[in-house]
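Novice: Sequence and predicted structure below; questions after.
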Amino acid sequence: MILTLAGGVGAARFLEGLLQVVPPETISAVVNTGDDFVLHGLHISPDLDIVTCTLAGLIDVAQGWGITGDTAECMEWLGRLGGPTWFKLGDRDLALHIRRTALLREGATLSQVADQFRRALGVSIRILPMSDQPVPTHIITDAGEMHFEEYFVQRRAADAVRGVRFVGVEAAAPAPGVLEGIAGAEAILLAPSNPIVSIGPILALPGLRQALRETHAPIIAVSPIVGGAPIKGPAAPLMQAAGLEVSALGIARTYQDFLDVLVIDEVDASLAPAIEQLGVRAVVTDTIMRGPAEKAHLARVALAAGNAFAFATEGTERTE
Ligand code: FO1
């Protein structure tokens with residue numbers, strides 16, 4: 001089984017590549033729920049929905065989120081009635097949040113909801129929330145502390161970032177199957193997602209980082225930073241606030257206590273020696289996922305790097 005740690009848009013695209021390379025039934029995705037929040041009284045899970053709807057072929061490809069061809073009649077009426085309209089929820093998208101909220105209220109866990117939704121939408125990989133307990137990501141800014149989506153969408157990432165807080169993470173547990181998946185995986189892939197607010201919440205869960213250090217599976221990350229910047233999203237100010245260099249080397253430093261291989265883009269080839277000095281193998285390739293062929297190529301390179309690492313280090317333990 002191939003286990004992937006996933007955020008939103010970049011991770012969903014990487015998983016589309018992985019699906020072309022290995023049988024879907026052998027893939028499990030552990031998805032960030034730090035972006036989850038309640039709006040209009042509904043439980044919204046942006047990254048779970050982005051991954052599920054992308055793999056179902058239902059995503060609005062240009063945006064990377066929302067349902068393709070969706071309409072906004074309800075949003076318009078919500079506005080007319082004085083409701084918040086800053087987070088664009090299409091009419092079909094709203095069905096996900098209405099149904100999720102009802103199931104959770106009836107006592108279902110987020111894991112059960114995520115599994116029901118991916119099966120209903122015809123997705124063959126296993127989709128696991130990182131936790132069944134809420135761990136909202138808050139951004140601490142000069143204008144105060146706020147939920148990630150308020151910072152990123154409502155305020156357009158305009159506030160200076162002073163820090164990040166995963167609220168309640170100490171009291172949360174990895175969702176059922178997550179720690180077992182890490183222990184038993186043939187390979188663990190970190191998708192090209194934001195290291196602070198997409199992969200970070202997953203790593204912050206009790207026991208998660210320890211499990212990554214202890215597993216025999218090779219752990220391969222794809223750098224979300226290319227040429228000193230993320231392809232999409234607010235990784236730069238968030239990494240800077242965390243004191244991390246906004247580069248593939250900064251990514252290697254973030255994960256170096258458990259990472260075996262980092263796949264970096266050709267434009268960052270000169271960083272390979274410095275990455276390898278951290279004890280992380282660097283694999284250089286074209287990491288830009290322009291289309292299906294490039295997505296499959298990236299997944300193939302990541303898996304091959306893992307196999308090569310596992311073969312080369314058979315029987316040796318991971319250095320602390
Ligand atoms: N991102 C935006 O920048 N603006 C939006 O209005 C917006 C709505 C939205 C609705 C559903 C959903 O699943 C995601 C949505 N996103 C929107 C994406 C989201 O803010 C982030 O991209 C992810 O949370 C980060 O991975």
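Specialist: Sure thing, it's come through. Numbers count the residues shown, from 1 in each chain.

Novice: Enumerate every residue touching the residue of the stretch 101-250 of the chain found nearest the ligand.
Specialist: With C-beta to the nearest ligand atom as the measure, residue 153 is the residue of the stretch 101-250 of the chain nearest to the ligand, at 4.3 Å. Where you see a C-beta, it was placed from the backbone N, CA and C, and this is true even at glycine. By C-beta atoms under 8 Å, 6 or more residues apart in numbering, the residues touching residue 153 are 86-87.

Novice: Quick check: residues of the chain near the ligand?
Specialist: Neighbours of the ligand within the chain, by C-beta under 6 Å from any ligand atom: 7-9, 35, 46-47, 49-50, 65-66, 87-89, 93, 149, 152-153.

Novice: hmm, which of the residues you listed are the buried ones?
Specialist: 7-9, 35, 46-47, 49-50, 65-66, 89, 93, 149, 152 (16 or more other C-beta atoms under 10 Å).

Novice: tell me the least confident of these?
Specialist: Of all those, residue 8 carries the smallest pLDDT score, 93.

Novice: Could you check how far that residue is from residue 98?
Specialist: Taking C-beta to C-beta, to the nearest Å as the measure, residue 8 falls 21 Å from residue 98.

Novice: Equivalent analysis for residue 150, please.
Specialist: 22 Å.

Novice: who has more neighbours, those two?
Specialist: Neighbour count, other C-beta atoms under 10 Å: between residue 150 and residue 98, residue 150 has more, with 18 against 14.

Novice: Which one of the buried ones among the residues of the chain next to the ligand is nearest to the ligand?
Specialist: Of these, the one sitting nearest to the ligand (C-beta to the nearest ligand atom) turns out to be residue 8, at 2.4 Å.

Novice: who's in contact with that closest one?
Specialist: Residue 8 is in contact with 32, 35, 46-47, 50-51, 64-65, 193, 198, 233, counting by C-beta under 8 Å, 6+ apart.

Novice: related to what we said a few turns ago, now, the residues of the chain next to the ligand that are in helices?
Specialist: Within the residues of the chain next to the ligand, residues falling in helices by DSSP state H are 9, 46-47, 49-50, 93, 149.

Novice: Turn these into TSV, including distance to residue 116.
Specialist: Shown next, in TSV, are those (distance: C-beta to C-beta, whole Å):
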residue	distance to residue 116
9	23
46	18
47	17
49	13
50	17
93	17
149	24
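
Novice: Which member of the residues you listed is positioned nearest residue 287?
Specialist: residue 9 (14.7 Å; C-beta to C-beta).

Novice: I'd guessed the closest one sits against residue 66; true?
Specialist: No. In this structure residue 9 lies outside contact range of residue 66 using C-beta atoms under 8 Å: 11.0 Å.

Novice: Report the buried residues of the helix or strand that residue 14 is a member of.
Specialist: Assessed by DSSP states H and E, residue 14 sits inside helix 9-21. For helix 9-21, the neighbour count (16+ other C-beta under 10 Å) marks 9-19, 21 as buried.

Novice: what would the residues you listed look like in CSV with distance to residue 217?
Specialist: Shown next, in CSV, are the buried residues of helix 9-21 (distance: C-beta to C-beta, whole Å):
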residue, distance to residue 217
9, 25
10, 22
11, 18
12, 22
13, 23
14, 17
15, 18
16, 22
17, 19
18, 15
19, 19
21, 17
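
Novice: Pick out whichever of those residues sits closest to the ligand.
Specialist: Using C-beta to the nearest ligand atom, residue 9 comes nearest to the ligand of the buried residues of helix 9-21, at 5.9 Å.

Novice: Spell out which residues sit in contact with the closest one, please.
Specialist: 50, 54, 64-65, 232-233.

Novice: out of those residues, what pair is the most spread apart?
Specialist: 54 and 233 (15.3 Å).

Novice: Counting neighbours around each, name which of these two comes out higher.
Specialist: residue 54 (22 against 19).

Novice: So the more buried one versus residue 69, what's the distance?
Specialist: 15 Å.

Novice: so where's this structure shaky on pLDDT?
Specialist: 315-320 (pLDDT under 70).

Novice: How is residue 3 assigned, secondary-structure-wise?
Specialist: Secondary structure assignment for residue 3 (DSSP: H, G, I helix; E, B strand; the rest coil): strand.
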